[in-house]
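S.K.: Here is my input, please return the structure:
(chains A and B)
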2 protein chains.
Amino acid sequence: MLYFEDFTPGRRFDYRPIAIRAADIIAFASEFDPQPMHLDEEAGRRSILGGLSASGWHTSAIGMRMMIDAFLGRSASQGSPGIDFMDWKKPVLAGDVLSGFSLVMESRPSTSRAGIGFVKFRSELTNQRREAVAVSEASIIIRRRDGGMRP
Amino acid sequence: MLYFEDFTPGRRFDYRPIAIRAADIIAFASEFDPQPMHLDEEAGRRSILGGLSASGWHTSAIGMRMMIDAFLGRSASQGSPGIDFMDWKKPVLAGDVLSGFSLVMESRPSTSRAGIGFVKFRSELTNQRREAVAVSEASIIIRRRDGGMRP
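M.R.: Next comes the predicted model:
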């Protein structure tokens, strides 16, 4: 189990690659982002994205899952107060294979609440051509190792 | 159809309210953010979030859908280059009813590509207690009304 103290600046966690399927792009978009370029190959080709492309929110949610599988799922994560920024730098197209990593930028104990701290990560997703497709920074609230025993 | 020129600073688009169901929270989290507080009522109650709570990414994706239904679905949107910031200010719990709006902050024609422009929106989601749960700013690429006819 990984606690706040384990997330030292510079520590990097690599993700397992994942293939993006057209059916998944369409299913996510149908529910959350039904714009033509996320729903239809031909509409995608005619758009400035150049093909059936994942909603940025889908790409971000996939990145979250990769982060969980890489390390956050075996941590004392308590959730996140938000995203500092998220750049969708290139379209994510059906058939792309994404890999990526999260890098610890900084960490600080909470001043208002004992037992937890904030860890800021920079996370990057890249496609099979090694182009960055999504770059973000966000903090996650993580319990301290001694978090269950308040002094 | 709404084009770039229609998104004048100060224009506001209100969302239709939507109820957040436990089953939807669990389904989204199972796929994208399988952390205990997003999967299980009891684990949620024990967490600092205070109950079964939606993944922030789920809340954001729901906000995207509300934005589509309110106005973006009848616009010449071409997608987004990213999110300037997204604050998840309060937990979104099963049974909450979210409403919200997008407000045009600024707009500018693209200098590198004819026919499109960038519109920055501030978007807010609030719960049934009128507490802000998610606040964000993000730009969307929107075709100009004359976008199909390059000079």
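S.K.: make it CA atoms for all contacts and neighbour counts henceforth
M.R.: Noted.
S.K.: Could you list the low-pLDDT ranges of chain A?
M.R.: For chain A, residues meeting the criterion pLDDT under 70 lie at A:147-151.
S.K.: Wait, a strand at A:Arg108?
M.R.: Yes - assessed by DSSP: H, G, I helix; E, B strand; the rest coil, A:Arg108 belongs to a strand.
S.K.: Correct me if wrong: it contacts A:Gly117.
M.R.: Yes - using Cα atoms under 8 Å, A:Arg108 is in contact with A:Gly117, at 5.6 Å.
S.K.: Among the two, which residue is more densely surrounded?
M.R.: Using other Cα atoms under 10 Å in any protein chain shown as the criterion, A:Arg108 and A:Gly117 rank with A:Gly117 on top: 24 against 13.
S.K.: How about the longest helix seen in chain A, which residues are buried there?
M.R.: Taking DSSP state H as the criterion, chain A has its longest helix at helix A:56-70. Across helix A:56-70, burial judged by 16 or more other Cα atoms under 10 Å in any protein chain shown covers A:56-70.
S.K.: I'd like to know which residues of chain A are adjacent to chain B.
M.R.: Contact residues, chain A versus chain B (Cα under 8 Å from any Cα of the partner chain): A:31-35, A:47-48, A:56-57, A:60-62, A:64-65, A:68, A:73, A:78, A:80-89.
S.K.: Report the buried members of these.
M.R.: By neighbour count, with 16+ other Cα under 10 Å, the residues of chain A next to chain B hold A:32-35, A:47, A:56-57, A:60-62, A:64-65, A:68, A:73, A:78, A:80-89 as buried.
S.K.: returning to what we had before: out of the residues of chain A next to chain B, name the ones that lie in helices.
M.R.: Checking these against DSSP H, those in helices are A:Glu31, A:Phe32, A:Gly56, A:Trp57, A:Ser60, A:Ala61, A:Ile62, A:Met64, A:Arg65, A:Ile68.
S.K.: Return the distance of the helix or strand encompassing A:Phe121 from the chain's centre.
M.R.: Element membership for A:Phe121 (DSSP states H and E) is strand A:116-126. Strand A:116-126 sits 9 Å away from the centroid of its parent chain (Cα atoms, centre = their mean, to the nearest Å).
S.K.: Now do that strand against helix A:56-70: the angle between them, please.
M.R.: Angle, strand A:116-126 to helix A:56-70, by axes from the mean of the first three to the mean of the last three Cα atoms, to 10 degrees: 110 degrees.
S.K.: contacts for strand A:116-126?
M.R.: Contacts to strand A:116-126, defined as Cα atoms under 8 Å, 6 or more residues apart in numbering or on different chains, come from residues A:4, A:7, A:63, A:98-110, A:132-144, A:147.
S.K.: what's the following helix or strand after it?
M.R.: Assigned by DSSP H and E, the successor of strand A:116-126 is strand A:132-143.
S.K.: Show me what that following strand is in contact with.
M.R.: Outside strand A:132-143, the residues that touch it by Cα under 8 Å, 6+ apart are A:3-4, A:59-60, A:75-92, A:115-127.
S.K.: give me the number of residues near A:Phe71?
M.R.: Counted with other Cα under 10 Å, the neighbours of A:Phe71 add up to 16.
S.K.: any idea which element the spatially closest residue to it that is not a sequence neighbour lies in?
M.R.: Distances taken as Cα to Cα, 6 or more residues apart in numbering or on different chains place A:Phe13 nearest to A:Phe71, at 6.9 Å, with adjacent residues excluded. Assigned by DSSP H and E, A:Phe13 belongs to strand A:12-14.
S.K.: In terms of secondary structure, what does that strand contact?
M.R.: strand A:97-109 (3 or more Cα pairs under 8 Å, 6 or more residues apart in numbering or on different chains; DSSP states H and E).
S.K.: Please name the strands paired to the strand it packs on in the sheet, noting orientation.
M.R.: strand A:12-14 (antiparallel), strand A:18-19 (antiparallel), strand A:116-126 (antiparallel) (DSSP bridges).
S.K.: Comparing those strands, which stretch has the densest surroundings?
M.R.: Compared across the strands paired with strand A:97-109, strand A:116-126 shows the largest average neighbour count, a mean of 23 (mean count of other Cα atoms under 10 Å in any protein chain shown).
S.K.: next one: stretch A:51-64 to chain centre, how far?
M.R.: Mean-position distance between stretch A:51-64 and its chain equals 10 Å (Cα atoms, centre = their mean).
S.K.: Check what contacts that stretch and list those residues.
M.R.: By Cα under 8 Å, 6+ apart, the surrounding residues in contact with stretch A:51-64 are A:22, A:25-26, A:28-29, A:33, A:37-45, A:88, A:91-94, A:125, A:134, B:32-33, B:57, B:60-61, B:80, B:82.
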